[in-house]
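Asker: fold the stuff below for me.
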Amino acid sequence: MIKIEDAQKKQATVIARLIMEAMNHECCQWFAGPNHTLEDFHQLMTRLVEREDSQYSYLNTLVAITETNEIVGICVSYDGAKLRELRKAFIEGALEAFGRDFSDMDDETTAGELYIDSLCVDNSFRGRGLAKQLLEATIEKGRKMNLPTGLLVDTGNPQAERLYHRIGFVYIGDNQWGGHKMKHLQKATLKITFSTGDKHYAVSRKSTPLFAYLSPLSYLCICNRFITIMIKKGKRCNSATVPQL
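Answerer: This is a model prediction of the structure:
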């Protein structure tokens, strides 16, 4: 049986390896530059995982672990509002290790979401639903923080994008990371907002106890029905957001 649990500092070497797989080795080599190796980059990433003030910290990581304590998957996530603060460790580390300055790197996330930085399942354990388990555990982490969960997916990785869509992530916009074009996806919250100009309505499963007992599909039907009734009553809809499942 495989469990999802919080990472530990002593697992840093394996976590760093899986983060590099998530980044893909081409991106890792791009960060390291032509004068350094992937092993050099792995050493840097291991140090960053061991720290508590890094975006890649073990404190930000969930691991999938077997009964024999083998780590076979990871998911690294953090509050998007803390990106620049947490990224300082990487910028300083890369400058010291490789002599390369990434202080002008574009922001990959922003305030208002729990950002999934890295998600990876060991190759020999893929196809068993572990990525979905890690994602669902991370989404639950976001709920406890009262944040939707967001991520970037490479435009050249449609298989991963299909997985995210099946779990309920929706397209937010375009982005770029590590020289690659990316799509910004976010797990839509089960919440409806409706504006009629002078009044605003907001209903969610969290704020309405009765709805907590409904299935997501039933709740979505109620939300759609709510908008239909409001329009039939002559309310002009300025904006409406319906949950995506």
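
Asker: after the helix or strand hosting Leu83, which helix or strand is next?
Answerer: Element membership of Leu83, judged by DSSP states H and E, is helix 83-98. Using DSSP H and E, the helix or strand that follows helix 83-98 in sequence is strand 114-121.

Asker: parallel or antiparallel, which strands does that following strand pair with?
Answerer: In the sheet, strand 114-121 lines up against strand 71-79 (antiparallel), strand 149-154 (parallel) (DSSP bridges).

Asker: contacts for whichever helix or strand comes after the last one?
Answerer: So that's strand 149-154. Scanning forward in sequence from strand 149-154 by DSSP H and E, the next helix or strand is helix 158-167. For helix 158-167, contacts defined as C-beta atoms under 8 Å, 6 or more residues apart in numbering pick out 131-132, 135-136, 139, 151, 153-154, 183, 185, 187. (C-beta placed from N, C-alpha, C; glycine too.)

Asker: could I get helix 158-167 in CSV with only the CA atoms?
Answerer: Taking C-alpha atoms only, helix 158-167 is exported to CSV below (Å, rounded to 0.1, in the frame of the first residue of the first chain):
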residue,chain,number,x,y,z
PRO,A,158,-1.0,17.0,-23.5
GLN,A,159,-1.1,13.7,-21.5
ALA,A,160,-0.5,15.6,-18.2
GLU,A,161,-3.0,18.3,-19.3
ARG,A,162,-5.7,15.7,-19.8
LEU,A,163,-5.1,14.4,-16.3
TYR,A,164,-5.4,17.9,-14.8
HIS,A,165,-8.6,18.5,-16.7
ARG,A,166,-10.1,15.2,-15.5
ILE,A,167,-9.5,16.3,-11.9
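
Asker: quick one: buried residues of whichever helix or strand comes after it?
Answerer: Reading on from helix 158-167 to the C-terminus, the next helix or strand found by DSSP H and E is strand 169-177. Within strand 169-177, the residues that count as buried by 16 or more other C-beta atoms under 10 Å are 169, 172, 175, 177.

Asker: show me what strand 169-177 is packed up against.
Answerer: When contacts are defined as 3 or more C-beta pairs under 8 Å, 6 or more residues apart in numbering; DSSP states H and E, strand 169-177 packs onto strand 149-154, strand 180-187.

Asker: what's opposite the residue most central in space within the chain in the beta bridge?
Answerer: Central residue of the chain (C-alpha atoms, centre = their mean): Ile116, 2.1 Å from the mean position. With DSSP bridges as the criterion, Ile116 is bridged to Ser77, Leu151.

Asker: ok, it to Leu62 distance?
Answerer: As judged by C-beta to C-beta, to the nearest Å, Ile116 and Leu62 stand 10 Å apart.

Asker: which residues are common contacts for these two?
Answerer: Shared contacts of Ile116 and Leu62, defined by C-beta under 8 Å, 6+ apart, are found at 75, 77, 138.

Asker: any idea of the pLDDT on the first one?
Answerer: Meaning Cys75. At Cys75, the pLDDT value in this model is 98.

Asker: again, but for the one 5 residues further on
Answerer: Per-residue confidence (pLDDT) for Gly80: 97.
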